[in-house]
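1. Give me a 3D structure for the following:
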Amino acid sequence: MNTLELIDGVVTIGSTVAVRDLESNEVDVYTLVAPNRADISDNRISSLTPLAHALYGRRAGAVVEVLAPGGVIHLQIESIRQPVYG
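-> You can find the predicted model right below:
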C-alpha cells in the first residue's frame, strides 16, 4: 500500500474540505496549506490554525469542535478533496 492510499479520504495538508456549521447550517470550503501560502480571501487556511488542527486526520461525516474567538463552533465535514500531483 502506498502513502496516497493511506491518506485517501482523510484530511491532510493540501486537502480541500467542505464543512457545515451545525448551528447556522452554512457550508464553507477551505484548502489547508502551509502558513506562507495562506490567504483567507481565497479560502486557503494555514495548517497551523485551530480549524486545520481540528480537521487533520478526520474523514467525511466527522463532527469537530473548533475554539474560535466567539466560542466553540461545531462543524461537520461534508467532503474532502485531495490535491492532484503530477
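2. The chain: helices as residue ranges?
-> Here the chain has its helices, by DSSP state H, at 3-7, 50-55.
3. got the contact list for the longest one?
-> In other words, helix 50-55. 11, 15, 17, 19, 30, 32, 45-46, 64-68, 75, 77 (CB atoms under 8 Å, 6 or more residues apart in numbering). C-beta coordinates here come from the backbone N, C-alpha and C atoms, glycine included.
4. quick one on the thing from earlier: weakest of the helices of the chain in terms of mean pLDDT?
-> Among the helices of the chain, helix 3-7 has the lowest mean pLDDT, at a mean of 55.
5. follow-up on the earlier one: flag whichever of the contacts of helix 50-55 scores worst on pLDDT.
-> The lowest pLDDT within these belongs to Ala68, with 87.
6. Excluding chain neighbours, what is closest to that residue?
-> Pro50 (7.3 Å; CB to CB, 6 or more residues apart in numbering).
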